[in-house]
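Undergrad: Using only what follows, build the 3D model:
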Amino acid sequence: MKLLAKFNVILILIFGSGLAITGWLADRFLKENARQQVIRQAQLMMATAMSTRRYTATQIKPLLEQHQAQIRTFLPQTVPAFAATTSFNDLRKTYPDYTYREATLNPTNLSDRAVDWEADIINRFRNHADDKLIIGERDTPSGRSLYLGKPISADPPCLECHSTPAAAPRAMIRLYGTANGFGWKPHEIVGAQIVSVPMDVPEQIAAAAFRTLLIYLGATALVTMLMVDLALVALVIRPVRRLAAAADRISRGDLNVPELPATGKDEVSELTASFNRMYVSLVKALRMLDH
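TA: Model prediction:
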């Protein structure tokens with residue numbers, strides 16, 4: 001095997017091992033980074049929904065309450081949870097993988113009642129007052145899902161409708177009745193904001209970044225190996241080939257071989273200078289024998 005081929009085999013083994021180790025570490029890093037990216041995005045969505053709730057409670061509801069009393073029809077636009085959910089559903093046109101729920105243990109609208117796993121999150125908030133955010137994963141029929149939960153407390157605007165049936169708007173009572181959604185206590189944890197997203201989303205983000213990284217690393221390794229090959233050819237292979245060619249001519253009895261250039265102070269230059277001295281000594285010795 002040629003010297004250059006041996007060097008290339010060594011370089012391939014070195015770069016291949018380095019690429020494998022880097023790929024393994026990068027895969028773990030990129031998956032975690034993608035997961036954190038999705039979590040940050042979900043937190044931003046939750047914050048936006050909470051802002052929509054506050055805006056509805058402080059700005060929209062007061063404007064519509066008088067009109068609601070006149071028409072004697074309940075307007076869901078006065079409900080902060082309705083506004084937040086509707087706003088998020090519009091946001092899903094851009095982010096279809098994300099889902100948002102304001103799950104409640106005792107809601108007026110039964111479609112907002114928490115299912116078992118959502119109730120577990122709410123009860124955790126109720127039992128651990130210091131918990132302000134829960135992040136976890138769960139199995140669903142469509143695959144693994146990542147979820148974030150934040151507590152919803154019964155603040156004063158909520159109690160206007162959910163303390164007692166007598167205090168609630170008549171239009172709401174006519175629509176939903178008095179069986180559900182009442183008895184909330186001030187600042188009691190009654191529900192949770194929950195954003196869910198399939199684990200496929202961060203995994204796809206990580207996979208795309210991983211493929212791009214491998215392409216860049218592979219291209220860098222290829223260019224580096226090509227540059228190393230060029231340097232080896234210029235600094236080692238060509239001088240060694242000249243030495244081998246000169247040695248072959250001398251071994252065949254050709255004593256008219258010119259001295260090889262030996263510039264520099266590296267090992268190849270020292271080897272060339274030693275070869276030239278040996279060649280001169282050999283020529284002198286042969287000429288002395290001829291006399």
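
Undergrad: mind listing the helices in the stretch 51-200 of the chain by residue range?
TA: 61-71, 80-91, 116-127, 156-162, 170-176, 200-232 (DSSP state H, counting those that start in this stretch).

Undergrad: remind me which residues of the protein are low pLDDT?
TA: 1, 290-291 (pLDDT under 70).

Undergrad: From the centroid of the chain, which residue is nearest?
TA: Ala34 (1.9 Å; C-alpha atoms, centre = their mean).

Undergrad: As a markdown table, the helices of the stretch 51-200 of the chain with distance to Ile39 and mean neighbour count would be great.
TA: Bear in mind the C-beta positions are built from the backbone N, C-alpha and C, glycine included. Converted to a markdown table, the helices of the stretch 51-200 of the chain look like this (distance: least, C-beta to C-beta, whole Å; neighbours: other C-beta atoms under 10 Å):
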| stretch | distance to Ile39 | mean neighbour count |
| --- | --- | --- |
| helix 61-71 | 31 | 12 |
| helix 80-91 | 17 | 18 |
| helix 116-127 | 16 | 16 |
| helix 156-162 | 27 | 18 |
| helix 170-176 | 35 | 16 |
| helix 200-232 | 9 | 14 |
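
Undergrad: Out of those, the one nearest Tyr147 is which?
TA: helix 116-127 (8.0 Å; C-beta to C-beta).

Undergrad: do you know which of the helices of the stretch 51-200 of the chain lies nearest Arg40?
TA: Of all the helices of the stretch 51-200 of the chain, it is helix 200-232 that lies closest to Arg40, at 11.1 Å by C-beta to C-beta.

Undergrad: Now do that closest one: which elements does it pack against?
TA: Counting contacts by 3 or more C-beta pairs under 8 Å, 6 or more residues apart in numbering; DSSP states H and E, helix 200-232 is packed against helix 3-55, strand 143-153.

Undergrad: How much space separates the residue lying closest to Val195 once chain neighbours are set aside from Lys150?
TA: Spatial nearest neighbour of Val195, excluding adjacent residues (C-beta to C-beta, 6 or more residues apart in numbering): Ala42 at 4.3 Å. Using C-beta to C-beta, to the nearest Å, Ala42 is found at 10 Å from Lys150.

Undergrad: could you list every residue that touches Arg53?
TA: Going by C-beta atoms under 8 Å, 6 or more residues apart in numbering, Arg53 touches 80-81, 83-84.

Undergrad: Hmm, Tyr100 and the residue nearest to Val195 touching each other?
TA: No - with contact defined as C-beta atoms under 8 Å, Ala42 does not reach Tyr100; the gap is 9.1 Å.

Undergrad: Please identify the deepest-packed of the helices and strands packed on helix 200-232.
TA: A comparison of the helices and strands packed on helix 200-232 by mean neighbour count, using mean count of other C-beta atoms under 10 Å, puts strand 143-153 on top with a mean of 19.
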